[in-house]
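In: I need the structure of the sequence given here:
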Amino acid sequence: MGSWYGELLARIDGLFAGRERVLVAIDGNSGAGKSSLAGMLGVVYDCNVFHMDDFFLQPFQRTRERLGQPGGNVDHERFLAEVLGGLETGKPFRYRIFDCRTMAFGGEVLVRPKALNIVEGCYSMHPALGQPYDLKVFLQVPKDVQMERILARSGPVLGRRFREEWIPMEDAYFRAMDIPAGCDLVIDGTERN
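Out: Here you go, the predicted structure:
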């Protein structure tokens, strides 16, 4: 684990002073380690972890106009209503998981209020979501490391889709919204434990 891990934990710990709820976003390149980092934080802290992958567009939302917008391939409206709206209540709530493989909802998650809540995934800092985060983290890796990880995780067929479709969409979002510049921590995710 990089030297940044201790700094990240210290930053999170420092946020608990005077707050009932802390909301952290982890955005960055596919294959940079966002889900892994959120999982590690879930071991350290008793927290909720929300995955932006659960909020991709339903078929009827996938219009040329919507997909042409930087970061437009995520259902921001549903994330705002179901997750951010649910967190604001301070009470248990449910949200639906959208499964891209079946192009349908694949169940619900019951969320209980916790002091720490982590939103991980590309597009988690899209301006359409407002500015709800107490800490914003950006994970990045070089393109060769990114593709190596994606191929190992997803295989050559999906790897090609990542290279030709999804990575260019992510890169357009990062550039258009200047996501790294607005983050509290920018981390090189090349080093893994």
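In: Where does pLDDT dip in the protein?
Out: Across the chain, the ranges flagged by pLDDT under 70 are 1-2, 192-193.
In: Return the distance of the longest helix that the chain contains from the chain's centre.
Out: As assigned by DSSP state H, the longest helix anywhere in the chain is helix 143-161. Remark: helix 143-161 is offset 18 Å from the chain centroid, using C-alpha atoms, centre = their mean, to the nearest Å.
In: got the buried residues for it?
Out: Buried residues in helix 143-161, counted by 16 or more other C-beta atoms under 10 Å: V145, Q146, M147, R149, I150, L151, G159. All C-beta spots, glycine's among them, are computed from the backbone N, C-alpha and C.
In: want to throw those into TSV with distance to A25?
Out: Output for these, formatted as TSV (distance: C-beta to C-beta, whole Å):
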residue	distance to A25
V145	22
Q146	20
M147	25
R149	21
I150	22
L151	27
G159	26
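In: rewinding a little: quick check: next helix or strand after the longest helix of the chain?
Out: Using DSSP states H and E, the helix or strand that follows helix 143-161 towards the C-terminus is helix 167-177.
In: Only C-alpha atoms, please: export that next one in PDB.
Out: The C-alpha coordinates for helix 167-177 follow below in PDB (Å, rounded to 0.1, in the frame of the first residue of the first chain):
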ATOM      1  CA  ILE A 167     -12.300   4.600 -21.300                       C
ATOM      2  CA  PRO A 168     -12.800   7.400 -23.900                       C
ATOM      3  CA  MET A 169     -16.100   8.300 -22.200                       C
ATOM      4  CA  GLU A 170     -14.400   8.400 -18.800                       C
ATOM      5  CA  ASP A 171     -11.500  10.500 -20.200                       C
ATOM      6  CA  ALA A 172     -14.000  12.900 -21.700                       C
ATOM      7  CA  TYR A 173     -15.700  13.300 -18.300                       C
ATOM      8  CA  PHE A 174     -12.400  13.800 -16.500                       C
ATOM      9  CA  ARG A 175     -11.300  16.500 -19.000                       C
ATOM     10  CA  ALA A 176     -14.700  18.300 -19.300                       C
ATOM     11  CA  MET A 177     -15.300  18.400 -15.600                       C
END
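In: That one to helix 143-161, inter-axis angle?
Out: 120 degrees (axes from the mean of the first three to the mean of the last three C-alpha atoms, to 10 degrees).
In: neighbouring contacts of helix 167-177?
Out: With C-beta atoms under 8 Å, 6 or more residues apart in numbering as the contact definition, helix 167-177 has outside contacts at 29-30, 67, 70-71, 73, 122-123, 125-127, 146, 179-180.
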